[in-house]
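[1] Quick one: sequence and predicted model below, then my questions.
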Amino acid sequence: MRKRPARNRAERDEQMFTALKKKLGLLKNSSVEEMTEPIGDQGKKIRDDRLEEICWDLEMALLESDVAETVAEQIVSDLRENLKGKKLARGFDLEGAVEGSLRDSVRNLLSSHTVDFYDAVSAVERPVVIMFVGINGTGKTTAIAKLASMLKSRGNTVIIAAGDTFRAGAIEQLKVHGEALDIRVVSHEHGGDAAAVAFDAIEHAKARHRDFVLIDTAGRMQTNSNLMDEMKKIKRVADPDFIVFVGDSLAGNDMIEQARAFNDAVGIDMVILTKIDADAKGGSALSIAKTVGKPIAFLGTGQRYADLMKFDPAWMAERLVSAN
Ligand SMILES: Nc1nc2c(ncn2[C@@H]2O[C@H](COP(=O)(O)OP(=O)(O)O)[C@@H](O)[C@H]2O)c(=O)[nH]1
Ligand SMILES: [Mg+2]
C-alpha cells in the first residue's frame, strides 16, 4: 500500500508537505455542514467519521514522506484527542485547528529530545573528548570543523584527531580546516590505526591543557562489521565523554537505520543533523527523535563554518508544519 520511498529531497517534500497541504486545502473547501454535526442546543462538533478520515489521510501523508510510523501515530492520536467531540467555537477554522494541533504535537515530540551541548559538556573534566560517528558523506568532518570553530569562538582550545585514516584525502581535508581555523590537527599516515590517532590527540590535549578533543572517524557502510569493530576500538582506547552521531537529513529512513546501527555498536549520546538547508522541512528530525530517542544537539544548515545551529524544537515544528 505504501508508496515507494522518496528518492530525493524534492520528491520527499512533494510527498509529505504537498500531501499535507492538499489535505488542509481540502478541509478548507469542505462545507461546515458536511464536516460537522450539532451537539447540544447550539453547538457543533466535527463528525467522528470525518475526523477519522482526516486522521487516516494525515497518517498516510506522514508515512509516505518517510516519517517513522510511531511518530505518525503519535501525531495523529494527538490530533484525534484535540478534536474529537470538542464543541467548536463560532467561525471555527478547521484547517487552522488541524495545523495548530500538528504544530503542538511536533513541538512536544521534539522538545523531549533536545540537549544543550554546552550544559552537557560543562559538567565534564577537561579535555572533553568527543567522538563523531556516521557513514561517509553525511557531513562528519564538516560538522567537526564547524563545532571546532564555534568552540574556539567561545574561548575554548580545541584539538582535532584525524581518525578517518581510511578514505583517501580525509586527513588532508581536516588539515585544510585546521589551517583555516588555526586549530591543531593530530594525524598519522593514511591507512594507520585510528584509535592510535585518537590516543595521541588526547595525550597532546592533556599535556597542553586543551579543552576539547574532537575525533573524526571513517564511515564506509554501517553494515560493514569492520567499521563497527573500528568504532568499538576507538571508543575503547579514547574513552570519549560523548559520542555524536552525524546524520544526513536527506537520507530519510536510511539515516534512522544508520543511527540504530551505530547506537547498537558503540552507543550514541547525541545527534547532529546535517544539510537541513537542503531538506526543506526536516521530517527526519522528528523520526530520529522518536525512534532512536537520542537528543539532537545541532543542525547543519550549510557549508560555511557558521552554519551550525543549536537545535530548537519550536523552530523545527514551525518549519515542519508551515505550508509554503
Ligand atoms: N548543504 C550542506 N552541505 C553540507 C552540510 N554539511 C556537510 N555538507 C557537505 O557534505 C559533503 C560531505 O561532507 P563531509 O564533512 O566531508 O562528510 P563526511 O564524509 O561525513 O566527513 C561536503 O561537500 C560538505 O560540504 C550542511 O549542513 N549543508
Ligand atoms: Mg569525513
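    Perfect, I can see it now. Ligands and ions are numbered 1, 2, ... in the order given.
[2] Which pLDDT value does the model give residue 65?
    Looking at residue 65, its pLDDT is 63.
[3] got the phi/psi numbers for residue 298?
    Main-chain dihedrals, residue 298, degrees, to the nearest 10: phi -140, psi 160.
[4] which ones are touching the residue nearest to it when sequence neighbours are not counted?
    Of all residues not flanking residue 298 in the chain, residue 272 sits nearest, at 4.7 Å (C-beta to C-beta, 6 or more residues apart in numbering). The way it works is simple: take the backbone N, C-alpha and C, and place the C-beta from them, glycine included. By C-beta atoms under 8 Å, 6 or more residues apart in numbering, the residues touching residue 272 are 139, 143, 147, 244-247, 296-300, 308.
[5] Could you identify which of these has the most neighbours?
    residue 247 (30 neighbours; other C-beta atoms under 10 Å).
[6] what's across from that residue in the sheet?
    On DSSP bridges, the residues paired with residue 247 through beta bridges are residue 273.
[7] I figured it hits residue 259, correct?
    Yes - at 5.8 Å, residue 247 and residue 259 qualify as touching, with contact defined as C-beta atoms under 8 Å.
[8] overlap in contacts of these two?
    Taking C-beta under 8 Å, 6+ apart as the criterion, residue 247 and residue 259 both touch 271, 288.
[9] give the contact list for the residue of the stretch 151-300 of the chain at minimum distance from ligand 1.
    With C-beta to the nearest ligand atom, the shortest gap between the stretch 151-300 of the chain and ligand 1 falls at residue 300, namely 2.7 Å. If you count contacts by C-beta under 8 Å, 6+ apart, residue 300 has them with 139, 142-143, 146, 272-277, 307-309.
[10] now it, which residues is it bridged with?
    Taking DSSP bridges as the rule, residue 300 bridges to residue 308.
[11] Would you check how far apart it and ligand 2 are?
    Using C-beta to the ion, to the nearest Å, one obtains 13 Å as the distance from residue 300 to ligand 2.
[12] Please report the distance of that residue from residue 144.
    11 Å (C-beta to C-beta, to the nearest Å).
[13] All the helices of the chain, residue numbers only.
    In the chain, the helices defined using DSSP state H lie at 9-13, 19-29, 32-35, 48-64, 69-83, 94-111, 117-122, 140-153, 170-181, 194-207, 225-238, 252-266, 283-291, 313-321.
[14] so which of these gets nearest ligand 2?
    Smallest distance to ligand 2 across these (C-beta to the ion): 3.3 Å, for helix 140-153.
[15] Are the closest one and ligand 2 in contact anywhere?
    Yes - under the criterion of C-beta under 5 Å from the ion, ligand 2 is reached by helix 140-153 at 140-141.
[16] what comes up buried for that helix?
    Buried residues in helix 140-153, counting neighbours by 16 or more other C-beta atoms under 10 Å, are found at 140-152.
[17] Quick check: the two most widely separated of those?
    140 and 152 (18.4 Å; C-beta to C-beta).
[18] Contact residues of the stretch 101-250 of the chain facing ligand 2?
    Applying C-beta under 5 Å from the ion, we find that the stretch 101-250 of the chain lies next to ligand 2 at 140-141, 164.
[19] Kindly recompute the last result at 8 Å.
    Contact residues (C-beta under 8 Å from the ion) of the stretch 101-250 of the chain with ligand 2: 136, 140-142, 164, 167, 170, 173-174, 216, 218-219.
[20] show me what contacts residue 172?
    Here residue 172 is in contact with no residue (C-beta under 8 Å, 6+ apart).
[21] any idea how far it is from residue 164?
    Distance from residue 172 to residue 164, by C-beta to C-beta: 11 Å.
[22] Could you do residue 68 as well?
    According to C-beta to C-beta, residue 68 and residue 164 sit 29 Å apart.
[23] check contacts around residue 163.
    Residue 163 neighbours (C-beta under 8 Å, 6+ apart): 131, 194-195, 197-198, 215-218, 234.
[24] possible to save those residues as JSON lines with pLDDT?
    As requested, these are exported to JSON lines (pLDDT from 0 to 100):
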{"residue": "131", "pLDDT": "98"}
{"residue": "194", "pLDDT": "96"}
{"residue": "195", "pLDDT": "97"}
{"residue": "197", "pLDDT": "98"}
{"residue": "198", "pLDDT": "98"}
{"residue": "215", "pLDDT": "98"}
{"residue": "216", "pLDDT": "98"}
{"residue": "217", "pLDDT": "97"}
{"residue": "218", "pLDDT": "94"}
{"residue": "234", "pLDDT": "97"}
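[25] among those residues, who's most crowded?
    Among the contacts of residue 163, the one with the most neighbours (other C-beta under 10 Å) is residue 217, at 32 neighbours.
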